[in-house]
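[1] Prediction below, plus the sequence it came from.
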Amino acid sequence: MMNNNYKIFGLIVSLMRNDNPPEISKDFSENVMQKILLNKKPEDTKYNNFLKVAASVFFAVITAYSLISFEQSETNVVSVDIINDKTDNSELIKRVRDDSACIKIENSIEEKNDSCK
Amino acid sequence: MTRNIIIKDDDEIIQECLSGNTGAYKNLVDKYQIRIINTCYKYTKNINDAEDVAQEVFLKAFQNLSNFKFDSKFYSWIYRIAVNTCLNYINSREKRNEKETISEENCLNEVNVSNDNPGEYYQLNELIDKIQPLIEKLPEDLSNLIKLYEIKDLTYEDISKRLDIPIGTVRSRLHRARNMLISEFRSLSDDE
């Protein structure tokens, strides 16, 4: 037998009105409610609103942290580049000087040899 | 003996649903499932199809609950949804099978009963004979009131005017009549 007051009252009225099928499945209303809950949009619950806020705060913190750390690491890269450039330049200058010195020495040797002739 | 049973008005339940209490809608489904399934059964002529269409009807009604105007009865509103859903169902079934003329009248004739799982169903025809004595047990004023509200589908205002009693009295007497009917039904099922 039915045990819910609304079910019982619905049954009594439908039988009074002669407005009933010969039978109905016992879990009809449970199935309807299941279907309704599956189709219900979840966004209007308080819990989901809280989750949304928490997720936005979390992503804001992560974004801020990664921006700050990226900025710091970019500064280091720039300073290393400058140091490397300086050393490269000085080596280049040295090489140029050394080469010219060699050329001069070679020239002077050739001059000496020429004078000996 | 009559226990204090709380059966809320449909309008009150609808307000609860609209304010976010989805679970309250089950009370409306419980209350009207038999009548809506029967409406669908008259059109589909098959209890399984009738239940499928009735499920869709209750789902549609829930999704459009905010459009419900409180100046009419919930049952009249959902009944209209049921008829439209049944006609759509029959039209799509007809398109699938072969063309046949459809009208509201010729759908309401013969029906046949068939289901695969009799154990999962309430057999309602067996209960009809048990209900009539319950109504006869009610005091005359209460049984008249129940008939006016639940069978003739009059509103509180209409009953108040017809019987020349305040709306508050109509409400409280209907509440008392419902309590008595449910208690009597419960004692009947306890005896069995």
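    Sure, I can see it.

[2] domains of chain B?
    Taking automatic domain parsing as the criterion, chain B consists of the domains B:1-121, B:122-192.

[3] Report whether the last one contacts chain A.
    Yes. Part of domain B:122-192 sits near chain A under the criterion Cβ under 8 Å from any Cβ of the partner chain, namely B:122-125, B:127-128, B:131, B:134-135, B:146-147, B:150-151, B:178, B:181-182, B:185-186, B:189, B:192. Backbone N, C-alpha and C define where each C-beta goes, glycine included.

[4] I'd like the distance from the spatially most central residue of chain B to chain A, if you could.
    By Cα atoms, centre = their mean, the mean C-alpha position of chain B lies nearest to B:Tyr32, the distance being 2.8 Å. Distance of B:Tyr32 to chain A, computed by Cβ to the nearest Cβ, to the nearest Å: 6 Å.

[5] I'd guessed that residue sits against B:Ile78; true?
    Yes. Using Cβ atoms under 8 Å, B:Tyr32 is in contact with B:Ile78, at 6.4 Å.

[6] Which helix or strand contains residue 31?
    No chain in the question, so chain A it is. In this assignment (DSSP states H and E), A:Asn31 forms part of helix A:28-39.

[7] meant chain B, my bad for not saying
    B:Lys31 belongs to helix B:25-44 when assigned by DSSP H and E.

[8] Can I get that helix in PDB, CA atoms only?
    Extracted in PDB, the C-alpha atoms of helix B:25-44 (Å, rounded to 0.1, in the frame of the first residue of the first chain):
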ATOM      1  CA  TYR B  25       8.000  19.200  -6.200                       C
ATOM      2  CA  LYS B  26       7.700  15.500  -5.300                       C
ATOM      3  CA  ASN B  27       4.600  16.300  -3.300                       C
ATOM      4  CA  LEU B  28       2.900  17.600  -6.500                       C
ATOM      5  CA  VAL B  29       4.100  14.600  -8.500                       C
ATOM      6  CA  ASP B  30       2.800  12.200  -5.800                       C
ATOM      7  CA  LYS B  31      -0.500  14.000  -5.700                       C
ATOM      8  CA  TYR B  32      -1.200  14.200  -9.400                       C
ATOM      9  CA  GLN B  33       0.700  11.300 -10.900                       C
ATOM     10  CA  ILE B  34      -2.400   9.000 -11.200                       C
ATOM     11  CA  ARG B  35      -4.500  11.600 -12.900                       C
ATOM     12  CA  ILE B  36      -1.800  12.700 -15.300                       C
ATOM     13  CA  ILE B  37      -0.800   9.100 -16.200                       C
ATOM     14  CA  ASN B  38      -4.400   8.400 -16.800                       C
ATOM     15  CA  THR B  39      -4.700  11.400 -19.100                       C
ATOM     16  CA  CYS B  40      -1.700  10.200 -21.000                       C
ATOM     17  CA  TYR B  41      -3.000   6.600 -21.000                       C
ATOM     18  CA  LYS B  42      -6.200   7.800 -22.800                       C
ATOM     19  CA  TYR B  43      -4.100   9.000 -25.600                       C
ATOM     20  CA  THR B  44      -1.200   6.500 -25.800                       C
END
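
[9] Do you have the strands of the chain handy? List them.
    Since you didn't name a chain, this refers to chain A. All strands of chain A, identified by DSSP state E, fall at A:23-25.

[10] wrong one, I was asking about chain B
    Counting by DSSP E, chain B has strands at residues B:121-123.

[11] so where's it shaky on pLDDT?
    Counting by pLDDT under 70, the ranges of chain B that qualify are B:1-4, B:98-119, B:190-192.

[12] Please repeat the previous calculation with a cut-off of 80.
    Applying pLDDT under 80 to chain B flags the ranges B:1-6, B:95-128, B:188-192.

[13] Chain A too?
    Within chain A, the ranges that satisfy pLDDT under 80 run A:1-3, A:40-49, A:71-117.

[14] Go through chain B and flag its longest helix.
    helix B:167-191 (DSSP state H).
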